[in-house]
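S.K.: sequence and predicted structure, then a few things I'm wondering about:
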Amino acid sequence: MTVKVGVIGTGMIGQDHIRRLTEVLTGSSVVAVSDINKEQVEKIATAIGARTYTDGVALINDSEVDAVVVTSWGPTHEEYVLAAIAAGKPVFCEKPLATTQEACLRIIDAEVKHGKRLVQVGFMRRFDTAYRQMKDVVESGTIGAPLIFKSVHRNPSVPPSYTSDMAIVDTAVHDIDTARWLLDEEVKAVSVIAARKNNRGGTLRDPIIVLMEMESGAIVDIEVSVNIDYAYDIGGEISGETGVVTLAERNRITVKSGGEYRGKVTADWKERFVEAFDVEFKEWLDAAAKGTATGPSAWDGYAAAVVTDAGVEAAGTGNRIKVEMRDRPALYA
Ligand code: NAD
Ligand code: ISE
């Protein structure tokens, strides 16, 4: 079956996912695209032979559209995800699921009422081969019970519109989801401390450490640096009771010359996670063809929002903030 997809938001990642759906993967065609930027959306639609909409809800209700991809700005996500659920259509929503935990709860309520999963959230690290191998090691018991997860998330630079809070809600959100998924437990409390400022970041609070206490007593230490200049650098290591599992460097080759040993570091998130995004969309299409969704759920989007809210409060106040979540509905067991 060919899944006919409508994409809302044709900016940086929207265009990358359209390329993925039209040029890399089989089993789908992009039949409709929507953006408030008329010129941009028309150019993209012409290139792939899709219809254009300036109204995302109208795209969702197009009877030709089987499934929806939401890659518009975060504050617009809630409206489109709710409209897709109301139309009974599978929807892939880039992170964040929504920009407030209350909005995430409205999405959960709507999906629970629908009675079947329709929403997948764009936490692509769960589809990365190395992270999946790391999770297999944890689940096999090889390293014993996890004690500490150190996660490193370094961006070369960020645009002037990037704020200090975004280091938590836009960037660390990936590490927060990765920690919940790898350790298979929820976050109990969050603290945030900032290091001496990286002056490349101007007034930005950068770098920071987000420290999470998990329900089991395990600790998660996330370094977020967004002005490191040298590359896009992602790292992770879990220390367990009897061993350690570490994400290897991602370079495929190393060069030894002139008495030195060198390897490449990826340039940006597109390069680092290119295969993960492909697998993420392949699995999304497989489920969408059956009229449902798998992978990171609306519950995971909600949990991440509760933790990032606590993180922003922790950064602002300097306090340790407890994480309080609603009971998990059976749909997300
Ligand atoms: P972007 O600004 O490049 O693109 C967003 C697009 O949405 C723009 O073209 C804008 O005109 C359009 N838009 C805004 N409001 C709209 C509306 N109401 N209807 C239709 N279109 C609308 O941003 P981006 O970097 O592509 O990010 C988009 C989303 O993807 C964000 O939620 C971001 O957090 C997420 N993202 C995820 C990753 C990842 O690693 N998973 C990476 C980058 C971005
Ligand atoms: C961006 O939105 C992403 O999601 C990237 O994965 C992340 O590394 C970056 O910091 C965010 O701005």
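M.R.: It's in. Ligands and ions are numbered 1, 2, ... in the order given.

S.K.: right, and ligand 1 sits closest to which residue of the stretch 201-333 of the chain?
M.R.: Closest contact between the stretch 201-333 of the chain and ligand 1, by Cβ to the nearest ligand atom, is at Trp269 (4.6 Å). C-betas here are computed from N, CA, C, even on glycine.

S.K.: how about the residues of the stretch 151-300 of the chain by ligand 2?
M.R.: Counting by Cβ under 6 Å from any ligand atom, the positions of the stretch 151-300 of the chain adjacent to ligand 2 are Asn155, Asp170, Thr171, His174, Trp269.

S.K.: run through the bridge partners of the closest residue to the third one other than its chain neighbours.
M.R.: What it means is Thr171. Nearest residue to Thr171, sequence neighbours excluded (Cβ to Cβ, 6 or more residues apart in numbering): Val224, at 5.3 Å. Beta bridges link Val224 to His153, Ile208, judged by DSSP bridges.

S.K.: that's a strand at Ile193, yeah?
M.R.: Yes. With DSSP: H, G, I helix; E, B strand; the rest coil as the criterion, Ile193 is part of a strand.

S.K.: pLDDT wise, what is it at?
M.R.: Note on Ile193: pLDDT of 98.

S.K.: same check, this time on Arg250
M.R.: As predicted, Arg250 sits at a pLDDT of 85.

S.K.: distance-wise, check it relative to Arg154.
M.R.: From Arg250 across to Arg154, the span is 13 Å (Cβ to Cβ, to the nearest Å).

S.K.: spit out the residues that contact those two alike.
M.R.: Shared contacts of Arg250 and Arg154, defined by Cβ atoms under 8 Å, 6 or more residues apart in numbering, comprise Ile234.

S.K.: what comes up buried for stretch 320-333?
M.R.: Going by neighbour count (16 or more other Cβ atoms under 10 Å), the buried part of stretch 320-333 is Ile321, Val323, Leu331.

S.K.: show me how far it is from its chain's centre.
M.R.: Its chain's C-alpha centre and that of stretch 320-333 lie 19 Å apart, by Cα atoms, centre = their mean, to the nearest Å.

S.K.: ditto for stretch 95-104
M.R.: 12 Å.

S.K.: repeat that for stretch 112-123.
M.R.: 15 Å.

S.K.: near ligand 1, which residues of the stretch 1-150 of the chain show up?
M.R.: 8-14, 34-37, 40, 56, 71-74, 76, 94-95, 122, 124.

S.K.: now the residues you listed: which count as buried?
M.R.: Buried among these (16+ other Cβ under 10 Å): 8-10, 13-14, 34-35, 56, 71-72, 74, 76, 94-95, 122, 124.

S.K.: among those, which are in helices?
M.R.: Among these, the members found in helices (DSSP state H) are Ile13, Gly14, Gly56.

S.K.: which one among those gets closest to ligand 1?
M.R.: Each of these was checked against ligand 1 using Cβ to the nearest ligand atom; the closest is Ile13, at 3.7 Å.

S.K.: the closest one and Val7, how far apart?
M.R.: Using Cβ to Cβ, Ile13 is found at 10 Å from Val7.
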